[in-house]
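**Student:** Below are the sequence and a predicted model; questions follow.
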Amino acid sequence: MNAETGIGASVLRKEDARFITGKGQYTDDISVFGQTHCVFVRSPHARAKINSINTDAAMAVDGVIRVFTGGELVEDGIGDLPCGWVVTSKDGTPMVAPPHPPIATSVVNYVGEPYAFVVAETLQAARDGAEAVEADFEILEAVVDTATASSSTQIHENAPSNQAYDWELGDKEATDAAFAAADHVTTLDITNNRLIPNAIEPRAALGSYDAASSTYTLYTTSQNPHVERVVLALFVNVAPEANLRVISPDVGGGFGSKIFVYAEETAVIWASAKVGRPIKWRADRTESFLADAHGRDHVTKAELALSSEGEMLGLRVKTIANMGAYLSTFSSSVPTYLYGTLMAGQYKTPAIYVETQAVFTNTAPVDAYRGAGRPEATYVVERIVETAARELNMDPVELRRKNFIPPDAFPYQTPVALEYDTGNYAASMGKALEIADHDSYAARKAASEGNGKLRGRGYSCYIEACGIAPSQLVISLGAGVGLFESAEVRVDVSGSVTVMTGSHSHGQGHETTFAQLVSDRLGIPFDSVNVIHGDTGRSDYGLGTYGSRSIAVGGSAIDRALDKIIAKGKKIAAHMFETTDDQVEFAEGQFSYAGSNEPKPFAEIAGAAYIPAVYPLDELEPGLSEKAFYDPQNFTYPAGSYVCEVEIDPSTGVTEIQKFVAVDDFGNVINPMIVEGQVHGGLAQGIGQALLEHGIYDADGNLSTGSYMDYAMPRAADLPDFEVDMTSTPCTHNPLGVKGCGEAGAIGSPAAVMNAITDALGVKDVPMPATPHTVWETIQQGA
Amino acid sequence: MYTFNFRRASNLEEAQQLHQSSSDAVYVSGGMTLIPSLKLRLASPDDVVDLSRIDGLSAISSADGVLSVGAMARHCDVAATTDIPALAALANRIGDAQVRNRGTIGGSLANNDPAADYPAAVLGLGATIHTNRRTIAGDDFFVDLFETALDDGEIIMRVDFPTPKRAAYAKFANQASKYAVVGVMVAETDSGVRVGVTGAGACAFRLTSFEDALSTNMSASALAGIDVDSSDFNSDLHASAAYRGSLVTVMAKQAVEQLTA
């Protein structure tokens, strides 16, 4: 292996040169001949009946080509936007999925929901046209609040109590028994604040129909173009699958929000055939706030049963999850299978019972956002564990250590469905405490107090389930897709390699990480490997990038394809060595045979594969190109220990994070620099959730935080100098021993920050985000 | 953005004439408020009259104990001055680098955003505003929310800041926008102690109770126990009126501590 570019080397990202010099190719950078522009007409009301829509004035605007309303899509057979995971309620009934036409037809259910769109020669004309669309609305009472949604006015005809489902997981009786036998019960009522994703690149779509071939090409900002294609073809009926190509070029961040199939790309690709010209749309920032799927928004009551010695006996969690106005593509799975299943955390709690009631409100749909369910679960578990320790007057570190699943207990079956393959939680905890100068905390606290500041310390020991996941397991739980990944490794005549992957980077650096993997295994130069992704016309059906699955599933698929390449290379080499392939070894880029002192470099075998002079073609096909579809046996379970120290100025309520230590166990790591960068980004988002970010709707359903004037994103100055380190227990069931790192920072950090803040203030809870105003009011209430 | 006519004036007379001859005109200087409003279609003037090419409006000079700042001086230019460190520091914390490189003092004052920083400096330092028609005492300039003493079409030419004996500005910035939730300029000037407060109310104001207390004792402790009436203060997503009231005292104390350090 090459120490500078192989597995384990911090290779600089090969994609960054184009990104930082403005040469990236994002969807909006692509323009095609004859292109028109599109603007969506969006509801100004949170809930209203559409009595009529008059498009005459809009059609009269100079430059306007067509104005479409929702009814036209319905008449043309365009289906609803589906939710791809059917969750079953306690009573055995499937979830309620209200009709979700891409363009609203008879009702609008959130501010920003599109009810018409205008196609014009220029963007300016499309905007003018959009303003000229007249709709007669009958305004209806809106439902906004998560906690009271089920007792509010019914929004959807088929959803009594505004309920999508009422789901449960775990053994209720065993959990009740654990509580009955407990010495102590800790109760915590907490909320998980609504977040708005805010990718740097707004969503965009360019739809183009070629009448000569009856084919559609959709360029769009997707984390998973194959899923986009299959949903648009099979469920939304835009076009036969064979006639639809989806290309997602460079994608500038997504955090989950670009997994989903939205109204806009549906409308643009459908209408391109009606107009007979390509149509482009790009969200402006206001549209991103209003109409990207939001994240989180839970209200939870949690109870933890303990013995007087701090042994965790049972956990009971009851959550109301706000789904927004409709069920977005994967929304139903987030507060259930990606949430309730994580409630064991790192602990051997024997009895757990989780209930999630998913409710509709007149707000933007809520779906997966960095961590998707696991940050919410970690927030519940780690906040209540810390609270319990305080109530029992125990050191929160000791309480955790007492309850950790020990290293010799793996594989460990939790009471909430998952089987953890491996881990060593005490090891990462120990390392984190050491880096955090745990034992000299008292001096720092005294120094803060001397300056009139309040100091607090908090911990968070998270676990997450990544690499989603075994197809047959998730399908049995209601998923409408398999969750394998595809890979194709094409060796060129000269021995360079092109990799086609179903994973799709939206900032993760796959072009580098996957090239390292291929370069390392084949012993070829890093620069000889090109990675191609994001195009249904070029790579096999794949499932895309989310849930920190790219290296664990996509990387493993590449690894399997490489196995096949090496196996075939051995067969070719065997003919050259005049031996059998089981006698051929491959290492360090060389095929060798004990009976020969002239090993064959990989490039020579590649050449021989395509200039097939040395082997019998009736036994062995020419060429060197292999595919693999890898379906994981289990989730992977990254875990880690985070320590946060804050200092609060009681006069202003300002919280300053003075120390943040993150020790993660991601198993084997291909590129430590990229992994560290992912942790930094995740921490920034988690700290953003804890201190700054809040998607707020007013009582009428208007988004109060609809711009950067009011929605506070974390900036460098808001963040401390992170101290990041790792431990490693390699994954036992994938070929690379990798786990995934994309979400960990966002999953583990909010609880650490809020545990530190509540410690500093001496209160049980402070709602997130702990803004200066909120902290100041908390202090005033206690004064 | 709606269509509008962009008019670039080469001198003051032309600017006024372009403004007067239009039924709906606005001046643009740095454009840091106007252009986002235009882009969001929240403003739809017929004519936008650009002041940026008028000679002499952006000069900064210092003479006889007065720092004279041209209305078109950018925040970054003011941040680079040395006569009144408190004013330079204030300018250096407006918005972000991009805003400071474009935004102007005249534009900011004419707009009179309740959360802008400069109004605290004008009141706290006892500045005088010179327009193309008259001279307006800083104390008389800020009238109400986005409302000033300027008449329609009147153009700020420069702002004269008397150099104080000592002064300091403390700001509590909104975490999202970086505008002032509360900003307080405390200055000891030839005409006495002045305290200018921005962010808290509909527009910037002087806090005479603090001025009186600090006149006899320029120390943070002098402000203890002085009640700040926050009943008319702004209350929004980011800060209640009571919180702003508390921040006025905290920021004033911080300013005094800086000033006496």
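**Tutor:** Received the coordinates, thanks.
**Student:** Identify the residue nearest A:Tyr615 in space, chain neighbours excluded?
**Tutor:** Counting by CB to CB, 6 or more residues apart in numbering or on different chains, the nearest residue to A:Tyr615 once its immediate chain neighbours are dropped is A:His575, at 4.0 Å. For the C-beta atoms, the positions are set from N, CA and C on the backbone; glycine is no exception.
**Student:** Spit out the contact partners of the one you found.
**Tutor:** A:His575 makes contact with A:Val614, A:Tyr615, A:Pro616, A:Leu620, according to CB atoms under 8 Å, 6 or more residues apart in numbering or on different chains.
**Student:** Do you know the pLDDT at it?
**Tutor:** A:His575 carries a pLDDT score of 96 in this model.
**Student:** Using CSV, write out every CA atom in whichever strand or helix holds it.
**Tutor:** With the criterion set as DSSP states H and E, the secondary-structure element containing A:His575 is helix A:556-577. Extracted in CSV, the C-alpha atoms of helix A:556-577 (Å, rounded to 0.1, in the frame of the first residue of the first chain):
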residue,chain,number,x,y,z
SER,A,556,-18.3,-2.4,0.6
ALA,A,557,-19.9,-2.8,-2.8
ILE,A,558,-16.8,-1.4,-4.4
ASP,A,559,-14.7,-3.8,-2.3
ARG,A,560,-16.8,-6.7,-3.5
ALA,A,561,-16.4,-5.7,-7.2
LEU,A,562,-12.6,-5.4,-6.6
ASP,A,563,-12.6,-9.0,-5.3
LYS,A,564,-14.1,-10.0,-8.6
ILE,A,565,-11.5,-7.9,-10.6
ILE,A,566,-8.7,-9.5,-8.7
ALA,A,567,-10.2,-13.0,-9.2
LYS,A,568,-10.4,-12.5,-12.9
GLY,A,569,-6.9,-11.0,-13.0
LYS,A,570,-5.6,-14.1,-11.3
LYS,A,571,-7.2,-16.2,-14.0
ILE,A,572,-5.5,-14.2,-16.7
ALA,A,573,-2.2,-14.2,-14.9
ALA,A,574,-2.5,-18.0,-14.4
HIS,A,575,-2.5,-18.4,-18.2
MET,A,576,0.5,-16.1,-18.5
PHE,A,577,2.3,-18.1,-15.7
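**Student:** Name the residues of that helix that are buried.
**Tutor:** By neighbour count with 16 or more other CB atoms under 10 Å in any protein chain shown, helix A:556-577 contains the buried residues A:556-562, A:565-566, A:568-577.
**Student:** Tell me which helix or strand comes right after the helix or strand containing A:Leu304.
**Tutor:** In this structure, A:Leu304 is located in strand A:298-306 according to DSSP H and E. Sequence-wise, the next helix or strand downstream of strand A:298-306 (DSSP H and E) is strand A:312-322.
**Student:** what residues go with each domain of chain A?
**Tutor:** Per the record, chain A has its domains at A:16-22+A:484-630, A:31-140+A:201-252+A:258-291, A:298-468+A:634-782, by automatic domain parsing.
**Student:** so of these, which one's packed in deepest?
**Tutor:** domain A:298-468+A:634-782 (a mean of 22; mean count of other CB atoms under 10 Å in any protein chain shown).
**Student:** circling back: any idea how far the strand holding A:Leu304 is from the middle of the chain?
**Tutor:** With CA atoms, centre = their mean, to the nearest Å as the basis, strand A:298-306 stands 25 Å off its chain's centre.
**Student:** Contacts for that strand next, please.
**Tutor:** Counting by CB under 8 Å, 6+ apart, strand A:298-306 makes contact with A:146-147, A:178-179, A:181-192, A:312-322, A:335, A:376, A:380, A:383-385, A:387-388, A:392, all of which sit outside it.
**Student:** 7 Å instead?
**Tutor:** The set of residues external to strand A:298-306 that reach it, using CB atoms under 7 Å, 6 or more residues apart in numbering or on different chains, is A:146-147, A:178-179, A:182-192, A:312-321, A:335, A:376, A:380, A:384, A:388, A:392.
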